[in-house]
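Chemist: Build me a structure from this.
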Amino acid sequence: MGPVRLIIVDDDPAIRMMLRSIAEALGANVLGEAENGRGGIEQAELLRPEMMLLDVSMPVMGGFPAARYLREHIPDLWIVLVSQYNQKAYADEALELGARGYILKSAVASELGIAMEAIMNGGTFVSPRVAH
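Modeler: Take a look at the predicted model:
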């Protein structure tokens, strides 16, 4: 398998730049970026990535409604929700929606590679620091 093809969706340009930098350092091919869930859906339908890093909280359309839509329309897309929220209920909802990962923004630098590997090998990943 070649480098994973992914899209980054976050309303904060600095976070998108950080996610891009980390993903590319891990060998990912970043196909595009969007600033909300609606833009992420458009990018996914156009570019057909294997993975999407999707922020939970964004204007216009947040990560949960976008993930719900994407699971129905592009079921083979690996969705990783990236969030500042460390409550277990958020991670549980993400997995119930069919996301393959839930990573805390504060832990992306150390956990994104682990999460990507787990997901590409058929598993799931939730940041260990998510409150139990």
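
Chemist: What helix or strand is residue 17 located in?
Modeler: Secondary structure assigned from DSSP states H and E places residue 17 in helix 13-25.

Chemist: Counting neighbours, which bits of that helix end up buried?
Modeler: By 16 or more other C-beta atoms under 10 Å, the buried positions in helix 13-25 come out as 15-16, 18-20, 22-23. Where C-beta positions appear, they are placed from N, C-alpha and C, glycine not excepted.

Chemist: Can you lay out these as CSV showing pLDDT and distance to residue 130?
Modeler: Listed next are these as CSV, based on pLDDT from 0 to 100; distance: C-beta to C-beta, whole Å:
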residue, pLDDT, distance to residue 130
15, 94, 18
16, 96, 22
18, 95, 20
19, 96, 18
20, 97, 24
22, 95, 19
23, 95, 21
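
Chemist: residues contacting residue 85?
Modeler: Taking C-beta atoms under 8 Å, 6 or more residues apart in numbering, we find residue 85 in contact with 56-57.

Chemist: Tell me the spacing between it and residue 28.
Modeler: Note on residue 85: its distance to residue 28, by C-beta to C-beta, to the nearest Å, is 24 Å.

Chemist: Check residue 129 too.
Modeler: 23 Å.

Chemist: Equivalent analysis for residue 111, please.
Modeler: The separation that residue 111 has from residue 28, given C-beta to C-beta, amounts to 14 Å.

Chemist: Repeat that for residue 4.
Modeler: In terms of C-beta to C-beta, residue 4 sits 5 Å off from residue 28.

Chemist: Give the bridge partners for the residue nearest in space to the middle of the chain, please.
Modeler: The C-alpha lying nearest the average C-alpha coordinate of the chain belongs to residue 53 (C-alpha atoms, centre = their mean; 2.2 Å). Beta bridges link residue 53 to residue 8, residue 80 when assigned by DSSP bridges.
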